[in-house]
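1. Attaching a predicted model along with its sequence, questions to come.
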Amino acid sequence: MAKKGDVVIQTERCKGCEICISTCPQSVLAMSDEVNSKGYRYAVKVNSECTGCTNCAVVCPDAVITVYREK
């Protein structure tokens, strides 16, 4: 059975570097149209295709992404 994942982003700490977006093989993440309290656009989850690969969390320089996996 394939693993299913979920991504949680701490949007107030995200600086909008977009590295997570380019490393996601499922195109789960995109930049928001809104800005956080620090004035940065932040990454958001845009679909439910996450496989739980953790690429986004590994490359995040500010460690604001948590990935959850289930069977």
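-> That came through fine. Numbering: from 1, shown residues only.
2. Now do the strands in the protein.
-> 4-9, 29-35, 41-45, 65-70 (DSSP state E).
3. What are the buried residues along the longest one?
-> Looking back up the chat, that one is strand 29-35. Across strand 29-35, burial judged by 16 or more other Cβ atoms under 10 Å covers L29, S32. Heads up, the C-betas are built off the backbone N, CA and C, glycines and all.
4. Spatially nearest residue to C56, not counting backbone neighbours?
-> Distances taken as Cβ to Cβ, 6 or more residues apart in numbering put C20 closest to C56, at 3.8 Å, once the chain neighbours are dropped.
5. and that neighbour, what is it in contact with?
-> L29, A43, N55, C56, A57, V59, C60, I65 (Cβ atoms under 8 Å, 6 or more residues apart in numbering).
6. at 10 Å what do you get?
-> When the contact criterion is Cβ atoms under 10 Å, 6 or more residues apart in numbering, the partners of C20 are 7, 9, 14, 28-29, 43, 55-61, 64-65.
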